[in-house]
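[1] sequence-free structure coming up:
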């Protein structure tokens, strides 16, 4: 998945980068810098399973904060998954929405109507 300034998550709504985004806010939220200078955060959607087995929400912002990508990944981070189509994944959707709400509340991203 390529970096974009707006991202549509399969099964969910779209998001775009807030004009008020700040690097220090990303650091406060737990984002780390990778070797390329991008801000990356990987959150477990199933914390009871441990990091390696849990399905994950991975969000990456470019170092200049002009583009980002959102991935919902399997436990081994090999494939993108859809947590919205299976009613059994309701808890995963709640966790996902919690993480996304934090980013919206801190003016990192905005929803697209």
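    Perfect, I can see it now. Here the structure is a predicted model, which means the values were calculated and not measured. Numbering: from 1, shown residues only.

[2] show me where this protein dips below the pLDDT cut-off.
    Along the chain, the model assigns pLDDT under 70 to residues 1.

[3] what ranges do the strands span in it?
    Ranges of strands in the chain, per DSSP state E, are 6-8, 14-17, 32-33, 39-44, 56-61, 68-73, 109-112.

[4] closest one to residue 96 among the ones you listed?
    strand 56-61 (5.7 Å; CB to CB). In this view, the C-beta of every residue, glycine as well, is placed from N, C-alpha and C.

[5] what strands line up against the closest one, and which way round?
    Here strand 56-61 has these sheet partners by DSSP bridges: strand 39-44 (antiparallel), strand 68-73 (antiparallel).

[6] buried deepest among these, which one?
    Each of these was scored by mean neighbour count; the highest is strand 68-73, a mean of 20, by mean count of other CB atoms under 10 Å.
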